[in-house]
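A.B. asks: dropping the sequence and predicted coords here.
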Amino acid sequence: MDHLSNLANALQSVEGSKDGNVSLTHRFYGDIVEITYTSVVHFSEENSLRLQTNREIDRSMQVINGGMKIVKENYKNISGGKNLTLKEQGTNDNIEIISATAHSPRKIAYYRRQVRFSHS
């Protein structure tokens, strides 16, 4: 578990964006590691909300899957060639509006996706 913790810490700094609009964090719950993707999203119009949300869903899964690939590669290097097997246990996402006005169609929100993995 120590190797996984160290790699998850490294993942956080590798996958965050330089402008602070995207971050990956992690938490451990026994044998479960939960990866949380958070981004700041600017919704321009009401009718484009679904399209922009779908793009963010795709982006979040790409970032999380890419990050987990890095974790597996680094784990193999650190552990002397042992493979890390992760099994997805569940995922959920949400949108939290943080700024909106009646006079503008623009909304600013946090998009979050949590994915839980077990390892063996």
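C.D. replies: Looks like it came in fine. Numbering: from 1, shown residues only.

A.B. asks: to what extent is residue 64 buried, counted in neighbours?
C.D. replies: 22 (other CB atoms under 10 Å). C-betas here are computed from N, CA, C, even on glycine.

A.B. asks: please tell me how far it sits from residue 32.
C.D. replies: 15 Å (CB to CB, to the nearest Å).

A.B. asks: remind me what the helix or strand that residue 66 is a member of packs against, helices and strands.
C.D. replies: Assessed by DSSP states H and E, residue 66 sits inside helix 49-78. Applying 3 or more CB pairs under 8 Å, 6 or more residues apart in numbering; DSSP states H and E, one finds that helix 49-78 makes contact with helix 2-15, strand 22-29, strand 32-43, strand 86-101, strand 104-119.

A.B. asks: again, only this time at 6 Å
C.D. replies: Helices and strands touching helix 49-78, by 3 or more CB pairs under 6 Å, 6 or more residues apart in numbering; DSSP states H and E, are helix 2-15, strand 32-43, strand 104-119.

A.B. asks: can you give me the buried ones in stretch 38-45?
C.D. replies: Residues of stretch 38-45 classed as buried: 38, 39, 40, 41, 43 (neighbour count, 16 or more other CB atoms under 10 Å).
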